[in-house]
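1. structure of the sequence below:
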Amino acid sequence: MSFLGSVGHIMSGSGIEDIFRLNYGPNTVQQIMTGKAYDKAVRAHLLLKRSLMHLLLEMVVPVLADGSVVGMISDITHMHQLSPSDTEHLHCICEAMQTGKVDAEKSDLLTNDTVTTLFYVIDEVKQELCAKSRKAALWIQYLYCIQLLKNFITAERTGDWHLHLCTTTEMLSLFAAAGHQNYAKSARLYVQLMSNLPTSHPWLYEQFLTYGFHTVRRSDR
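-> Numbering: from 1, shown residues only. Now for the predicted structure:
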């Protein structure tokens, strides 16, 4: 909740409230910005991140599944487009995942050359947009923050101790920037103690690392 409130504080006045009002009422939007309406805030931020990523993908993947071409929205598009073969390969991967032919968790999709190229090209576009516009830099920073949120949720649901600790470390700067000093100080101390866990409490570290017991659950089911 505090992290969501920090994101809301950083993005306040950027127009994000108007975007959220398309789906939520004014009072709910206020609670989303402060992080108090947790479930709605997570859903709102994930939907907005997906929309922003769709805009970025249109800049680097011009050919859609039906063969139509997306209009070029900036000169950046011409410099960082994927090749038609890479685009076709990406469509095949997406179709395989949607039809259940490929298990994203068990396959090597994340290390696939085409997917790696896509990540690299999107990063290049982000860097160029940040260099040209402060507003773009703010929204790309927002994408980074919401990715941290997704990583933290993934770490808690899968019991991934290293991802949990890494994500918490990356959250520290946002806590400080948003003025959540108590969380910034406490989380920093927490990260320091947990980093020393392998030597200070090796048995507990083994439970966290191997079995994911740092997460709260009612049962193994």
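
2. I figured Ala178 hits Gly5, correct?
-> Yes - with contact defined as CB atoms under 8 Å, Ala178 reaches Gly5; the gap is 7.2 Å. For the C-beta atoms, the positions are set from N, CA and C on the backbone; glycine is no exception.

3. enumerate the positions of stretch 194-201 that are buried.
-> Within stretch 194-201, the residues that qualify as buried are Met194, Leu197, counting by 16 or more other CB atoms under 10 Å.

4. and the residue nearest to the spatial centre of the chain, which helix or strand is it part of?
-> Closest to where the C-alpha atoms of the chain average out (CA atoms, centre = their mean) is Gln147, at 1.3 Å. Using DSSP states H and E, Gln147 sits within helix 134-158.

5. next SSE after that helix?
-> Per DSSP H and E, helix 134-158 leads on to helix 161-177 as the next helix or strand towards the C-terminus.

6. now the element after that next one, going C-ward?
-> Later in the chain than helix 161-177, the nearest helix or strand by DSSP H and E is helix 181-195.

7. which elements pack onto that following helix?
-> Contact here means 3 or more CB pairs under 8 Å, 6 or more residues apart in numbering; DSSP states H and E; on that basis helix 181-195 packs against helix 161-177.

8. give the buried residues for the helix it packs on.
-> Of the residues in helix 161-177, Trp161, His164, Leu165, Cys166, Thr167, Thr168, Thr169, Met171, Leu172, Leu174, Phe175, Ala176 count as buried by neighbour count, 16+ other CB under 10 Å.

9. which members of the residues you listed are the farthest-apart pair?
-> By the measure CB to CB, Trp161 and Ala176 form the most distant pair in the buried residues of helix 161-177, at 24.1 Å.

10. which of the helices and strands in the chain ranks last by mean pLDDT?
-> The weakest-scoring helix or strand in the chain, judged by mean pLDDT, DSSP states H and E, is helix 75-79 (a mean of 49).

11. just the CA coordinates of whichever helix or strand comes after that helix, formatted as CSV?
-> Sequence order places helix 84-98 as the next helix or strand after helix 75-79, per DSSP H and E. C-alpha atoms of helix 84-98 as CSV (Å, rounded to 0.1, in the frame of the first residue of the first chain):
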residue,chain,number,x,y,z
PRO,A,84,9.1,-8.4,-40.8
SER,A,85,10.5,-11.8,-39.9
ASP,A,86,11.0,-10.9,-36.2
THR,A,87,7.4,-9.5,-36.2
GLU,A,88,6.0,-12.7,-37.7
HIS,A,89,7.9,-14.8,-35.2
LEU,A,90,6.5,-12.7,-32.3
HIS,A,91,3.0,-13.3,-33.5
CYS,A,92,3.6,-17.0,-33.7
ILE,A,93,4.9,-16.9,-30.1
CYS,A,94,1.9,-15.0,-28.9
GLU,A,95,-0.5,-17.3,-30.6
ALA,A,96,1.2,-20.4,-29.2
MET,A,97,1.0,-18.9,-25.6
GLN,A,98,-2.7,-17.9,-26.0
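
12. and helix 84-98, which residues are buried?
-> Across helix 84-98, burial judged by 16+ other CB under 10 Å covers Asp86, Thr87, His89, Leu90, Ile93.

13. how far away is Ile146 from Val125?
-> Between Ile146 and Val125 the distance is 17 Å, computed by CB to CB, to the nearest Å.
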